[in-house]
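Participant: what follows is a predicted protein model with its sequence.
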Amino acid sequence: MQSILKIGFIGWLVGAIVCSYAQAAIKFARFPAPSPDGKQVAFSWQGDLWVAPMEGGLARRLTVHPGYDFAPIWSPDGTKIAFTSDRYGNDDVFVLHLDSGTVQRLTYFSGRDRALGWLPDGSGVVFESRRDWEPYSVQWVAYVALLKGGTPHRLWDVAGTPVAIAPDGKRVAFVRRDSAWWRKGYKGSAQGDLWLGVLGTKQFTRLTQTDTPDSWPMWSADGRTLYFVSERDGTFNLYAMEVDSRRVRQLTRFKDDGVRFPQISAQGTVITFEQGMEVWRLDLKSGAQRPIALFAPAQDARLNPEVVRTFSGNVSEFEIAPEGKEVAFVVRGEVFATRFPEGGTTQNLTNTVVQETGLSWSKDGKRLYFAREVDGQFDLFCVSSEDANEPRLRRTTRLKTERLTQTPESETSPKVSPDGKWLAFQRGNGNLVVRHLETGEERTLVESWNLGTFVWSPDSKWLAFDMNDENYNSDIYIVSVEGGAPVNVSRHPRNDYAPSWSGDGRVLVFLSERETDTLNICHLYLRREDYEKTRADRDDEEDERYDAPKKPEEKKDEPSVQIDFEDIHLRVRLVTRYPAGVQEAVVSPDGEQIAFRSAYQGQSDLYVIKWDGSDERRLTTGGVAPTAIRWSKDGKTLYFLSRGRIQRVAASGGTPQATRTEVRITINEPAERTYIYEAAWRVLNETFYDPNFHGVNWQAMREKYRSYLPYAQTDRDFTTVVLMLLGELRSSHVSFSRAGADEEETPAASTGMLGVVFSNQRDGEGLLIERVIPNTPAARKDVNLKPGERILAVNGTRLTPTTNIWQLLNNTVGERVQLLVRQPDGTERTVFLRPISTSAFDAARYQDWVQQNRRYVEERSGGRIGYVHIQAMGEQSLREFERDLYAVAAGKEALIIDVRFNGGGRTADYLLGMLHVPRHAYTVGRNGKPGYPIDRLPLVPWTKPIAVLCNERSFSNAEIFAHAIKTLKRGPLVGMPTAGGVISTGQATLMDGSRVSTPGRGWYTIDKHINLEGNGAQPDYMVEDMPEDLMEQRDRQLDKALEILNKP
């Protein structure tokens, strides 16, 4: 079905009226596309499509839409432009009809579709997508959407994009494998190579084979030359290959920034491309190349630089003032104050474009301490009222801000001591420092490279904190404000985190991985006498308090913390043992109760439990996912954040209530983008594992890409700038995702999946079913769709040649859908089913792929060899692997372990613990066979022969596993070298919710000290899969592993 959207002739009329306006140079125009005759160039700028003369000059806007329109491609006859846009929430393919100004939507599938080119006759658009066909959804596949409408079909049964169809309509140049275009300097097995195929055949020829990426193939008009981009000389440059002779010549010789997103005109006269901030043209006849000077009306900005936005649910942290009548909180890096607990009118206490974080009130509630980013690092500040008659921050009109620190290192996480005399904070990555607020005296209590969270004792004499040792094991420590060596009070080889001190100073609670694979709550009595009390002793004390005559309320003495450090770690008790774990825990003021967050009942909610694990109560339902949990001083109320709102609930139970925190913020978007850029640079500057930044001048890169920012006027273009910055590191595990959008986001449709794969045949009515995936709606017994059947209608709408079934299946996940089905004998039947999401379909398709491999190995080995695939190096896959060692491998003589397409995680050593088990004895029971009692082992072992499959899609922790298998000589590696992307990483959340990776720990081989980053595991048996293998349903790598293990 076609969708024609009128946009009028605005873009065309602009060119006629702009002459009266001043002109501004266009920089950082994106995705330039030459017209067929090479006289015009279309491009994306400000999120819209524009066109300008190829010689340069004034550009005119072709589209105007809040979505991001990009990647234009002219039709062969020059009357239409295909492009990609997120107008409906996710990237789809559209066509702009230049004669009428109408826009036609071609794709409707949830997920990312991106236009790649036109069919040579102009009847349809070729695009890349991940949909329903490829057996394991890791590679892009080329599809075709016809202008007349209908359901898109596969160009061919081959994985790999981008593709370029030759003018003869038969040959296709395509790229197998790929690496991120913005990453520089990648050398490894995942780099792209150019291949040549012939439609309708199984004829494939490799055109290039280097250790650097080759991509973006483009055909000459006569089909004899293939143009492409390669990094073989150290920079992405354009090359030309004579297809028959394979002779290659270099066309451009850029040395720093290379060629991006090239396109060739249909008549083969010119190639346009991005380089630096310019659009370039290369005349293919003369070889001349130069930037194109593009201009736009000076005032023709689609987006306002300043916007006023209202936020009511975006609180990232909060801190309640000591008297409990005022609360400070952070929204998008700005600090606000309002009444508490009801909320209401708010006051902005900072009003900057930079991030403020880490709130802490002074004891009298008149001063608020926080950290602010200044010039690429955090320093400590304090805000107070200058009005002696109005000390309340939420009401004063005269705010005073003081800077407390200004050192070469960052200072973060300020925390005022309970007595109000000291300010504790973190300096650099791991030093714990206290500062006397009257004298300014500073003491460095702990020097560390990796400090975690810390908390004051109620008497202000101690600090408890978690910290990693050199083996990255985190323990809980206590240190005196007076100095001295910190004392490890948990002393356990499993990680301990996040200490919480009770108000009476007698109890410490923290999270620990001991005894479980997940974090659970631990309880520690600091005094031996408390630990030694029996339950009967505690009951007696409670009775005495209850029977004692009531006395007038007396002022309580300030707590005095006494700690018996001798054998203190032996007093740790595990309170919970939830398989789903506990994500946060805070002890009550009296030390009797612990509030915590857990999803052990299915949803993440707030609970309270007694210190001994009894009397558990669930305080919230519905998955409120509470964070920043804290108790009121009297222990009767709990406060927490949920979905960006400050909430409170009685500790005895009840309905949670929210504090009104509506704020209005004026956002200068160019200034905010500049700040987010600087913050992303700073995060990598402080966390990147190599202090030499892989030989890159990181400071120079900061300056270089900062110059792009004034021209990156949309979030997508801004994201591109940050990614290009990260790409300079020549590193894996670098990523950036921008929070928010330029305009209000359009919710993306969710396509319902039936559980079938459609045939490419379009010669009959409806859509022909090629395959039915097990464990999907189509495979249910009461539905029982089968290959060879045709779906004729969906919910009463007939599938004509112009009907797109994905449009009919959008937003049907979980809904009852009616299908009219024709069987091969011509009879028709009606079935009803409830489609599943694309992610659920992918999961079913993955399991089907694994089961096919497993059956194949069983058959080819006569039942002697087992097969297991490890999807990821995570807890779920680990449990499945352990299960399969019994369910699949039991009784087998050997095992094929497949880590292809495994993106990594953290469980390599657990797997090795199952596979590399020293054997010291065996047992034989009466009338039994030799064996070993499994219940004596921490993990299920496999000591028989193995072969491990790996490929260029084996990444990170999967590579560590592959390297280890080879280093330990546990078995042969089979397949292709792994990607060479091994760095331990995390994520940092920036002021606006954007996220940047923190690749902070390198990995090296134990024998030769080789950095695994950039050095993939090399197979003992190198076996490459071929493009035709998917057509033939062949797995060469699996066959080789079978051959090896089948040898006598």
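Facilitator: That came through fine.
Participant: show me the strands in the stretch 351-500 of the chain, by range?
Facilitator: For the stretch 351-500 of the chain, the strands defined by DSSP state E, counting those that start in this stretch occupy 356-361, 367-374, 377-385, 399-403, 411-416, 422-427, 431-436, 442-446, 451-456, 462-468, 474-480, 487-488, 496-501.
Participant: so of the ones you listed, which one's packed in deepest?
Facilitator: By mean neighbour count, with neighbours taken as mean count of other CB atoms under 10 Å, strand 496-501 ranks first of the strands of the stretch 351-500 of the chain at a mean of 25. (C-beta placed from N, C-alpha, C; glycine too.)
Participant: what sits up against it?
Facilitator: By CB atoms under 8 Å, 6 or more residues apart in numbering, the residues outside strand 496-501 that reach it are 452-458, 464-466, 474-476, 490, 507-514, 519, 522, 584-587.
Participant: swap the cut-off to 6 Å and go again
Facilitator: Strand 496-501 is touched from outside by 453, 455, 457, 464, 466, 474-476, 490, 508-512, 586-587, with contacts defined as CB atoms under 6 Å, 6 or more residues apart in numbering.
Participant: ok, back up a step: nearest to residue 724, of the strands of the stretch 351-500 of the chain?
Facilitator: Closest approach to residue 724 among the strands of the stretch 351-500 of the chain (CB to CB): strand 367-374, 22.5 Å.
Participant: show me this structure divided up by domain.
Facilitator: According to automatic domain parsing, the chain comprises the domains 3-297, 317-416, 489-536+563-663, 664-737, 756-836, 841-920+929-981+1016-1046.
Participant: okay, those in CSV with distance to residue 1000 next?
Facilitator: CSV is the format used below for those (distance: least, CB to CB, whole Å):
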stretch, distance to residue 1000
domain 3-297, 18
domain 317-416, 15
domain 489-536+563-663, 16
domain 664-737, 5
domain 756-836, 38
domain 841-920+929-981+1016-1046, 14
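Participant: and of these, who's closest to residue 987?
Facilitator: That would be domain 664-737 among the domains of the chain, by CB to CB, at 8.2 Å.
Participant: quick one: the closest one to chain centroid distance?
Facilitator: 17 Å (CA atoms, centre = their mean, to the nearest Å).
Participant: for it, what is the average pLDDT?
Facilitator: For domain 664-737, the mean per-residue pLDDT is 96.
Participant: and for stretch 998-1017?
Facilitator: Averaging pLDDT along stretch 998-1017 yields 94.
Participant: where does the stretch 51-200 of the chain have low pLDDT?
Facilitator: 135-138 (pLDDT under 70).
Participant: could you do the chain as well?
Facilitator: Low-confidence segments of the chain, defined by pLDDT under 70: 1-21, 135-138, 299-302, 535, 538-548, 550-557, 740-746.
Participant: and the residue lying farthest from the centre of it, what is it in contact with?
Facilitator: Most distant residue from the mean C-alpha position of the chain: residue 549, 60.8 Å away (CA atoms, centre = their mean). By CB under 6 Å, 6+ apart, no residues touch residue 549.
Participant: need the three-state assignment for it.
Facilitator: The three-state assignment at residue 549 reads coil, by DSSP: H, G, I helix; E, B strand; the rest coil.
Participant: mind listing what's buried in the longest helix seen in the chain?
Facilitator: Using DSSP state H, we find that the single longest helix of the chain is helix 838-861. The neighbour-count check on helix 838-861 (16 or more other CB atoms under 10 Å) flags 838, 840-846, 848-850, 853-854, 856-858, 861 as buried.
Participant: just checking, what packs against the helix or strand hosting residue 665?
Facilitator: If you go by DSSP states H and E, residue 665 is part of strand 663-668. Strand 663-668 sits against strand 306-311, with contacts defined as 3 or more CB pairs under 6 Å, 6 or more residues apart in numbering; DSSP states H and E.
Participant: which residues sit against the strand it packs on?
Facilitator: 331, 663-668.
Participant: selection in PyMOL covering whichever of those are buried, please.
Facilitator: A single PyMOL command selects the buried members of the contacts of strand 306-311 (16+ other CB under 10 Å):
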select buried, resi 331+663+665+667
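Participant: tell me the one of the contacts of strand 306-311 nearest residue 393?
Facilitator: Closest to residue 393, out of all of the contacts of strand 306-311 and judged by CB to CB, is residue 663, at 14.3 Å.
Participant: for this structure, what spans make up the helices?
Facilitator: So, for the chain - with DSSP H - the helices run 10-17, 528-532, 535-547, 669-687, 698-706, 715-727, 805-809, 838-861, 875-887, 908-915, 957-967, 1029-1032, 1036-1046.
Participant: adding distance to residue 628, write those out as CSV.
Facilitator: Formatted as CSV, the helices of the chain follow (distance: least, CB to CB, whole Å):
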stretch, distance to residue 628
helix 10-17, 48
helix 528-532, 28
helix 535-547, 31
helix 669-687, 21
helix 698-706, 33
helix 715-727, 28
helix 805-809, 41
helix 838-861, 30
helix 875-887, 26
helix 908-915, 32
helix 957-967, 31
helix 1029-1032, 50
helix 1036-1046, 49
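Participant: of all those helices, which one comes closest to residue 426?
Facilitator: Among the helices of the chain, helix 669-687 sits nearest to residue 426 (CB to CB), with 12.2 Å.
Participant: buried residues, that closest one. List them.
Facilitator: 669-670, 672-687.
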